[in-house]
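# Fold the stuff below for me.
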Amino acid sequence: MKIKNDKIVIQITCLAVSIALWMFIMVVDNPIRDGYIYNVPVTIRNLSALENSNLVLMNSDKDHLAITVKVKGTIDQISKLKNSDFSAYIDVLGFSEGIHNTKVEVSGPSGVEVINTNPSQIVCNIESIISKVMDVTVQYEGNQAQSYYRTLPLSNPSSVKITGPRSVVNSAAMAVATVNIEGAVDNVVKTVPVRIYDGKDTEIFMSAPVDNVKVTVPVYPTKYVKLVPNITGTPEEGYQLTDVTVKPDKVRIAARKDILDTITELKVADLDISGAFNNILSPREILDADGLFILDLTTSPVVNAVIEKIVEKEFVIEASDIQFTNLKEGNKVNVISPDTEITVLVTGPSSVISQLKKDDLVLTSDLSTATEGINDVKVECVTEKTVNSIALTQELISVEITESPTEPETEQ
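Reported below is the predicted structural model:
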């Protein structure tokens, strides 16, 4: 019996020695070490719960989260580890809008101890999904055809609703619908997408798609028409209206072709010059412009009414300077008293009369009814200058009409 017990003791002792020896060999030949496993992917749990609460995780790298895991194990174990051997995640269940530091949970293969992770927490930026309505701004690609005009565009609908994370929606500065009008000679009607831009003209994207809009760009033909002023009233006594102009004297207009074809000129509002004794410059509105687009005109047209004082000026012309007309062929005329002086009184606006000279006046007499002998013929004064009236101190002059002597024929 004693021998049998001794055998058991010996066996147990040998086993213990063997185990101790194996452990010693393992510790010496395959020691315990720390190691690092890089780029262990981190999944996010309960993202759908956020969406159901009208929230969204704003981390730009949320689809590529990764950590470094520090582990402890034998050299043999660590050398065989891959990042796919580990499972890491964060849980966003129950999060509200704001910034949250979320612990990273990691599990690895058995026999390997996870010491820590880097980072140990991930900052989660949670934002609410909000909406707002924005007016649509229409922008153009290209230009309408030459001599055509585009008016303000119409967008249907005129505004769109955008939906997205709070920071994105708040950064939205402009909702833009772009339409191509290159070479257009008639209304352009197109359905186009709406794009959203921030204050730096960078396109931003919403979590919900933005509707398309129907854009109408009216395009009309153009032409130039004359502006016509109208004067009412009369100046002060002793003064007169000598000229009326409007500046600009023509204007470019745009309208539907059927309207444009009926218009040749446009009138401006009446200018009353009652009692005026000086020039009048006055801006006047264009009349009957309904349905028209007045182009290239930044201010109202200005009507200039020139008012001048009426003055007189005398000239003395001798009867010998009279020019006779319609003298019958074969007759000649002689003034009975060629030294007779005729005073000519010319009345007109001061600007004309002050520049008027004796050479600008011509005394004429029509001899179409005169007969041979002594005739009293009428004398008139004419001028190319614009004057009000011409008066003569003597309107009749005595002349003698005689037959011209016939020259004798010369013998050959």
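
# what's the neighbour count on residue 112?
Neighbourhood size, residue 112 [other CB atoms under 10 Å]: 20. For glycine as for every other residue, the C-beta is placed from the backbone atoms N, C-alpha and C.

# how near is it to residue 81?
7 Å (CB to CB, to the nearest Å).

# can you check residue 160 too?
Distance, residue 160 to residue 81, by CB to CB: 53 Å.

# now swap in residue 164 and tell me
Noted for residue 164: a distance of 41 Å to residue 81, by CB to CB.

# same check, this time on residue 118
As for residue 118, its distance to residue 81 is 16 Å (criterion: CB to CB).

# which one of these two has more residues nearby?
The neighbour count for residue 118 versus residue 81, taken as other CB under 10 Å, is higher for residue 81 (18 against 11).

# sorry, back to before: shared neighbours, residue 112 and residue 81?
Taking CB atoms under 8 Å, 6 or more residues apart in numbering as the criterion, residue 112 and residue 81 both touch 71, 73.

# which ones are touching the residue nearest to residue 230 when sequence neighbours are not counted?
Once its chain neighbours are removed from consideration, residue 230 has its nearest residue in residue 270; the separation is 5.0 Å (CB to CB, 6 or more residues apart in numbering). Applying CB under 8 Å, 6+ apart, one finds that residue 270 lies in contact with 230-232, 284.

# distance of residue 188 from residue 132?
When distances are taken as CB to CB, residue 188 and residue 132 turn out to be 29 Å apart.

# Comparing those two, which shows the higher neighbour count?
Between residue 188 and residue 132, counted using other CB under 10 Å, residue 188 has the larger neighbour count: 19 against 12.

# Which stretches in this protein count as helices?
The residue ranges that make up the helices of the chain, judged by DSSP state H, are 2-29, 47-52, 75-80, 166-171, 257-260, 350-353.

# Check the ones you listed for me: which has the lowest mean pLDDT.
Within the helices of the chain, the least confident segment by mean pLDDT turns out to be helix 2-29, at a mean of 62.

# what's around residue 399, how many residues?
A total of 24 residues lie near residue 399 under the criterion other CB under 10 Å.

# per-residue pLDDT, it?
Looking at residue 399, its pLDDT reads 94.

# isn't it right up against residue 375?
Yes. Using CB atoms under 8 Å, residue 399 and residue 375 qualify as a contacting pair, with a distance of 5.6 Å.

# quick one: common contacting residues for these two?
A shared contact of residue 399 and residue 375, defined by CB under 8 Å, 6+ apart, is any residue touching both; here these are residue 367.

# ok, residue 371 - contacts?
Contact partners of residue 371, counting by CB under 8 Å, 6+ apart, are residue 401.

# which residues of the stretch 1-150 of the chain fall in strands?
Ranges of strands within the stretch 1-150 of the chain are 32-45, 55-57, 66-74, 87-91, 98-103, 105-107, 113-118, 121-141, 148-150, based on DSSP state E, counting those that start in this stretch.

# so which of these gets nearest residue 306?
strand 148-150 (34.6 Å; CB to CB).

# Quick one: mean pLDDT for that closest one?
Confidence for strand 148-150, expressed as mean pLDDT, is 97.

# what sits up against that strand?
When contacts are defined by CB under 8 Å, 6+ apart, strand 148-150 is touched by residues 140, 144, 181, 184-185, 217-222, 254, 293, 295.

# Show the low-confidence segments of the chain, by residue range.
Along the chain, segments meeting pLDDT under 70 span 1-7, 9, 14, 17-30, 406-412.

# one more time with 80, if that's ok
For the chain, the stretches with pLDDT under 80 are 1-30, 404-412.

# Give the burial count for residue 202, as a bare number.
Under the neighbour criterion other CB under 10 Å, residue 202 is assigned a count of 10.

# meant to ask about residue 114
Residues near residue 114, counting by other CB under 10 Å: 17.

# Same question for residue 174.
The burial metric for residue 174, expressed as a neighbour count using other CB under 10 Å, is 15.

# just checking, it touches residue 137?
Yes. Taking CB under 8 Å as the definition, residue 174 is a contact partner of residue 137 at 5.6 Å.

# Skip the chain neighbours and tell me the closest residue to residue 153.
Taking CB to CB, 6+ apart as the measure, residue 153 lies nearest to residue 138, with 4.1 Å between them; neighbours along the chain are not counted.

# which residues does that neighbour contact?
For residue 138, the set of contacting residues under the criterion of CB under 8 Å, 6+ apart consists of 153, 155, 176-179, 215, 217.

# Could you report the separation of it from residue 234?
When distance is defined by CB to CB, residue 138 is 53 Å away from residue 234.

# Can you get me the start-to-end distance on stretch 57-68?
Distance between the two ends of stretch 57-68: 22 Å, counting by CA to CA, to the nearest Å.

# Mind jotting down where the strands sit in the stretch 301-412 of the chain?
Secondary structure of the stretch 301-412 of the chain by DSSP E, counting those that start in this stretch: the strands cover 302-318, 323-325, 331-335, 341-349, 362-366, 373-378, 380-382, 389-392, 396-403.

# Give me the buried subset of the contacts of residue 138.
Buried members of those, counted by 16 or more other CB atoms under 10 Å: 153, 155, 176-177, 179, 215, 217.

# hmm, which two among the residues you listed are most spread apart?
Using CB to CB, the two most remote members of the buried ones among the contacts of residue 138 are 176 and 217, lying 14.4 Å apart.
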